[in-house]
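**Student:** A structural model of the following input is requested.
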Amino acid sequence: MKLVYLSTVLFPLFGSILAGLFGHKLGRIRTHQATIVGVAVAFIMSLVAFYHIVINGAPAFNETIYAWAVIDGITFEIGFLIDKLTVLMMLVVTFVSLMVHIYTIGYMRDDPGYQRFFCYIALFTFSMLMLVMSNNFLQLFFGWEAVGLVSYLLIGFWFKKESAIYANLKAFLVNRIGDFGFLLGIAAVLMYFNSLNYTDVFNAAPAMTNLTMDAALNENWNVITVICILLFIGAMGKSAQVPLHVWLPDSMEGPTPISALIHAATMVTAGIYMVARMSPLYELSEVALSFILIIGSITALFMGFLGIVQNDIKRVIAYSTLSQLGYMTVALGASAYAAGIFHLMTHAFFKALLFLAAGSVIIAMHHQQDIRKMGGLKKYMPITYWCMLIGSLALIGFPGLSGFFSKDAIIEAVKASELSGAGFAYIAVLLGVFITALYSFRMFFLVFHGKERMDDHTREHLQESPSVVTMPLILLAIPSVAIGILTIGPLLFGDFFGSAIQVLPEHDVLAKVGEHYTGVWGFILHGVFSVPFLLAAAGVATAWFLYMKRPDLPGVIKERFKGIYNTLDRAYGFDDFNSTFFAGGVRRIGRFIWQYSDVKVIDGVIVNGTAKTVGLISGVVRHVQTGYLYHYAFAMIIGLLLLLSFFLPW
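**Tutor:** Now for the predicted structure:
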């Protein structure tokens with residue numbers, strides 16, 4: 001099986017190398033063939049791994065591939081840990097990535113950077129696979145930084161757009177903050193556990209539950225809590241949790257396929273996966289769990305509010321990603337790790353579907369992204385319409401669709417939690433259901449129903465996207481409908497994950513929820529009469545009333561509550577703060593250092609000062625070189641007299 005696992009990560013890498021180094025010689029068709037074949041092989045190998053580990057019940061694979069370095073008795077190595085949690089992530093990453101690769105053929109067909117884009121997305125897939133398949137913190141960090149690097153390249157793919165350059169730099173800088181905490185967490189693991197191997201750390205952790213470290217002001221902090229919070233700060237950056245969320249909406253500056261890949265299956269899910277993988281550590285710190293619970297609930301609710309005022313079709317979906325990541329984080333904080341991973345999986349399918357359907361609309365609208373300039377697209381784009389409807393219904397948790405099972409499970413798990421902050425989190429995720437339905441169907445109604453608001457030229461050329469674009473939509477719509485029904489039993493209330501996820505009995509909220517689980521249809525029937533479903537229905541009804549029945553009311557509400565609207569439109573001032581204090585402050589510090597260090601010290605004193613000093617000395621010394629022999633003889637006599645006068649006595 002080692003060859004299978006190596007093939008899973010290496011084939012996307014080979015495809016990326018071919019596209020990057022030889023794309024100009026291979027041409028467009030062979031370039032996308034090389035990368036698609038590489039990702040397709042990775043998907044097939046993931047299916048083989050799933051069959052071997054899950055269907056056949058083989059033990060987890062945990063081996064070192066090679067030792068990278070040995071320093072002071074500590075081994076830094078590359079290795080794979082393939083268990084049920086890993087194979088689930090492998091399937092999600094490779095399937096969604098494969099759909100995005102196929103979709104890209106149609107979406108990027110006229111772009112001059114065609115080969116470069118395929119190189120980047122294949123490299124993105126390789127990086128994420130290295131992250132989820134790692135068995136140690138070193139490789140985890142490699143994958144962590146690699147997805148960050150490639151996301152920088154992809155968000156700024158259209159590097160001639162100033163907004164794209166601003167967005168990728170913003171993503172890079174904000175993630176550096178999170179990654180600083182993440183790196184400190186890994187350093188603390190190495191310091192206290194003397195190993196970076198997951199198994200060694202997890203086995204030793206229970207014995208270190210009460211271990212403390214000296215901190216500031218003579219305070220003693222629990223080592224496990226510090227490690228968990230530092231690692232989670234890294235997850236806050238990658239998975240865009242408040243306040244490190246500000247980069248994600250701006251990532252829409254990249255092409256739509258990469259928006260789907262970042263938001264659905266790769267970068268933003270890395271933090272969720274990492275916390276679930278580290279469950280043996282997080283279970284030992286209720287402080288860290290409560291911290292995660294509160295951060296997730298704030299993100300789930302308040303990022304949802306921002307989706308209501310967005311008019312860019314991709315930004316509406318981007319803010320829904322922020323909110324849904326908050327739901328996953330809430331699940332992790334409530335120790336419902338399985339529910340968080342379950343929602344990660346279902347969300348990957350319907351969120352990729354929503355983004356790619358939005359891209360299909362953008363193609364038809366000649367790259368117009370303002371939903372206020374759309375309307376009535378249902379009759380022009382029937383396939384995109386039904387796929388977008390399925391994605392939207394899955395997002396709001398319509399009974400029977402994939403998002404319903406995972407979202408309702410999270411809400412019930414939080415309700416059963418007794419951790420500090422669980423009450424606030426429960427209210428936040430409940431209100432988030434209404435908000436999600438409101439902004440999702442506001443977008444849906446404005447795009448596909450009502451009055452046609454596009455210009456005449458666009459209307460005359462409106463048509464369904466080509467099959468290379470619509471086929472991935474249909475293939476993503478299938479799991480968006482069915483994956484929840486097929487997997488809720490084993491993933492949430494069975495022992496699917498086994499030892500891959502560890503939960504202490506006093507934290508096992510899913511066991512409490514499972515006491516009332518009577519099967520898939522019982523879960524659906526319960527959901528139809530539950531508060532979340534009523535809130536979702538109310539959100540859809542509100543969106544229909546405001547934007548279809550009385551389209552004049554949103555403007556009236558906006559004027560009446562102008563202060564609230566402006567606050568939401570400015571994203572609570574986070575961007576203003578970053579521009580003024582964070583990014584602006586960094587620029588001012590950089591400018592100060594440049595002026596006083598580079599210009600005045602290095603250039604002024606060292607470089608230019610040295611040159612000036614040499615010039616001054618040489619200006620004096622050159623007068624000695626007169627060319628007259630008697631001048632030189634006189635200098636020799638003076639020098640000899642000085643030598644005899646001062647040095648001979650000694």
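**Student:** alpha carbons only for contacts and neighbour counts from here, please
**Tutor:** Fine.
**Student:** Leu248 versus Met267, what's the distance?
**Tutor:** 10 Å (CA to CA, to the nearest Å).
**Student:** Over to Val540?
**Tutor:** 26 Å.
**Student:** And those two? Which one has more around it.
**Tutor:** Neighbour tally, Val540 and Leu248, criterion other CA atoms under 10 Å: the higher count belongs to Leu248, 28 against 24.
**Student:** where's the more buried one, which helix or strand?
**Tutor:** Assigned by DSSP states H and E, Leu248 belongs to helix 247-250.
**Student:** Which elements pack onto the next helix or strand after that helix?
**Tutor:** Downstream of helix 247-250, the first helix or strand assigned by DSSP H and E is helix 256-264. The contact analysis (3 or more CA pairs under 8 Å, 6 or more residues apart in numbering; DSSP states H and E) places helix 256-264 against helix 84-107, helix 137-155, helix 267-277, helix 337-364.
**Student:** Tell me which of those helices sits most buried.
**Tutor:** helix 337-364 (a mean of 27; mean count of other CA atoms under 10 Å).
**Student:** Run the chain-centre distance for that one.
**Tutor:** 13 Å (CA atoms, centre = their mean, to the nearest Å).
**Student:** ok, now stretch 180-199?
**Tutor:** 22 Å.
**Student:** Now do it: everything it contacts.
**Tutor:** Residues from elsewhere that reach stretch 180-199, judged by CA atoms under 8 Å, 6 or more residues apart in numbering: 74-76, 135-138, 141, 200-201, 204, 226-235.
**Student:** Show the buried residues in those.
**Tutor:** The neighbour count (16 or more other CA atoms under 10 Å) marks 76, 135-138, 141, 201, 226-235 as buried among the contacts of stretch 180-199.
**Student:** Inside helices: which ones of those?
**Tutor:** 137-138, 141, 201, 226-235 (DSSP state H).
**Student:** so what strands line up beside the longest strand along the chain?
**Tutor:** Under DSSP state E, the strand in the chain containing the largest number of residues is strand 61-71. In the sheet, strand 61-71 lines up against strand 74-82 (antiparallel) (DSSP bridges).
**Student:** how many degrees apart are the strand it pairs with and helix 84-107 in direction?
**Tutor:** 80 degrees (axes from the mean of the first three to the mean of the last three CA atoms, to 10 degrees).
**Student:** ok, residues contacting the longest strand of the chain?
**Tutor:** Counting by CA under 8 Å, 6+ apart, Thr75, Phe76, Glu77, Ile78, Gly79, Phe80, Leu81, Ile82, Asp83, Asn135 sit against strand 61-71.
**Student:** Of these, which count as buried by neighbour count?
**Tutor:** Here, 16+ other CA under 10 Å leaves Phe76, Glu77, Ile78, Gly79, Phe80, Leu81, Ile82, Asp83, Asn135 buried among these.
**Student:** Centre-most residue in the protein?
**Tutor:** For the chain, the residue sitting closest to the mean C-alpha position, by CA atoms, centre = their mean, is Val268 at 2.1 Å.
**Student:** and it, what does it touch?
**Tutor:** Per CA under 8 Å, 6+ apart, neighbours of Val268: Lys238, Ser239, Ala240, Ile262, Leu325.
**Student:** Return the member of the residues you listed nearest to Ile121.
**Tutor:** Ile262 (9.8 Å; CA to CA).
**Student:** which residue packs closest to the closest one, ignoring adjacent ones?
**Tutor:** Excluding the flanking residues, the one nearest Ile262 by CA to CA, 6 or more residues apart in numbering is Val268, at 6.2 Å.
**Student:** Retrieve the pLDDT associated with that neighbour.
**Tutor:** Val268 carries a pLDDT value of 87.
**Student:** just Ala216 next, same as before
**Tutor:** So Ala216 comes in at 66 (pLDDT).
**Student:** Quick check: Tyr192 vs Met208, distance?
**Tutor:** Relative to Met208, and taking CA to CA, Tyr192 is found at 9 Å.
**Student:** Of the two, which one has the most company?
**Tutor:** Shown here are Tyr192 and Met208; by other CA under 10 Å, Tyr192 has more neighbours (17 against 14).
**Student:** Report the buried residues of the helix or strand where the more buried one lies.
**Tutor:** Assigned by DSSP H and E, Tyr192 belongs to helix 162-193. For helix 162-193, burial by neighbour count (16+ other CA under 10 Å) applies to 163-176, 178-179, 181-190, 192-193.
**Student:** And for stretch 596-606?
**Tutor:** Applying 16+ other CA under 10 Å to stretch 596-606 flags Val599, Lys600, Val601, Gly604, Val605 as buried.
**Student:** got the CA coordinates for the one helix or strand Gly639 maps to in CSV?
**Tutor:** In the assignment (DSSP H and E), Gly639 maps to helix 629-642. Only the C-alpha atoms of helix 629-642 are listed here, as CSV (Å, rounded to 0.1, in the frame of the first residue of the first chain):
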residue,chain,number,x,y,z
LEU,A,629,62.4,62.1,-7.7
TYR,A,630,63.6,64.6,-5.1
HIS,A,631,60.1,64.6,-3.4
TYR,A,632,60.3,60.9,-2.9
ALA,A,633,63.9,61.1,-1.7
PHE,A,634,62.8,63.8,0.8
ALA,A,635,60.0,61.6,2.0
MET,A,636,62.3,58.6,2.5
ILE,A,637,64.7,60.7,4.5
ILE,A,638,61.9,62.0,6.8
GLY,A,639,60.6,58.5,7.2
LEU,A,640,64.1,57.2,8.1
LEU,A,641,64.6,60.0,10.7
LEU,A,642,61.2,59.1,12.3
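**Student:** for the record, mean pLDDT for that helix?
**Tutor:** 78.
**Student:** ranges for the helices of the stretch 501-650 of the chain?
**Tutor:** For the stretch 501-650 of the chain, applying DSSP state H, counting those that start in this stretch gives helices covering 509-514, 520-528, 531-544, 553-560, 562-569, 574-577, 583-593, 608-621, 629-642.
**Student:** mind checking which of those helices is nearest Gly400?
**Tutor:** helix 520-528 (6.2 Å).
**Student:** Helix 531-544 and that closest one, what's the angle between them?
**Tutor:** Going by the same axes, to 10 degrees, helix 520-528 makes 60 degrees with helix 531-544.
**Student:** Just the residues contacting helix 520-528, thanks.
**Tutor:** With contact meaning CA under 8 Å, 6+ apart, helix 520-528 is reached by Pro399, Gly400, Phe405, Asp408, Ile485, Ile488, Gly489, Tyr517, Phe533, Leu534.
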